[in-house]
Every structure is written in structure tokens, then in C-alpha cells.
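Asker: just a sequence and a predicted model for now, questions to come.
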Amino acid sequence: MKPIEKTAFTDAHLGGSAEPLKTLTAAQFAALGAGDIVFWKKMVAGDLAEFIPQAAMAPAEQELELLMSADGAPVLIADSREAIMDWIDGHEVRLATLH
């Protein structure tokens, strides 16, 4: 483990299983693999357009698939699960899910 990762988890309050992640600085979080971990979430275009303006090109009620880097940067917006899976298959990333 890198020193920054070890510090992030040993210095955190251990109230719950996700609690250590709440105490990470942006630099510590990035060290955990922001470029290697992606999150996948379905959203309607109208909601997505609030923080990714390009999503406004789709009808507001259209469901879109959003893939984001662990640091919060959008990676891919697609209209199908297959498009997301094809992108993931072509890249060396690990998939996490948002709930």
C-alpha cells in the first residue's frame, strides 16, 4: 500500500464501513485509482444536463447511461447498456456502481 493510502484508512474514524472514504482529501482519493475505477449510473437526460450540458441534446425524459471516473469526471454518456459494456471491455478499468 502507498503511504498516502495507508494514512487515509488508519487515521479515519471507523464508525461504518464507508466512513474512511469520507475523510479522504481530493489528493488521497485520486491516489486510490481515480483513473482506474469507473462508476456507472442510469439517469434521465434532464437531470444529467444539470451538471453535464451535452446531455441536454437528448429529450429530457430519455434514460441515459453515465460512466464517471472515481474523481467525478464524466467518462462516457451512452444510450445503451451495450455501449457502456463495449467501452469498459476496451479499457483497463474496474467498475463500481452508484446507488
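Answerer: Thanks, I have the structure now.

Asker: contacts only, for L48.
Answerer: Contact partners of L48, counting by C-beta atoms under 8 Å, 6 or more residues apart in numbering, are A55, L64, L66, I77. All C-beta spots, glycine's among them, are computed from the backbone N, C-alpha and C.

Asker: check P59 too.
Answerer: A45.

Asker: so which of the contacts of L48 are in strands?
Answerer: Residues of the contacts of L48 located in strands (DSSP state E): L64, L66, I77.

Asker: top of these by neighbour count?
Answerer: In terms of neighbours by other C-beta atoms under 10 Å, these top out with L66 at 22 neighbours.

Asker: before we move on, the earlier item: of the contacts of L48, closest to Q28?
Answerer: Closest approach to Q28 among those (C-beta to C-beta): L66, at 24.4 Å.

Asker: that older thread, among the contacts of L48, give me the pair with the biggest separation.
Answerer: Across the contacts of L48, no pair lies farther apart than A55 and L66, at 8.4 Å, counting by C-beta to C-beta.

Asker: so what's in contact with those two at the same time?
Answerer: By C-beta under 8 Å, 6+ apart, the residues touching both A55 and L66 are M43, L48, I77.
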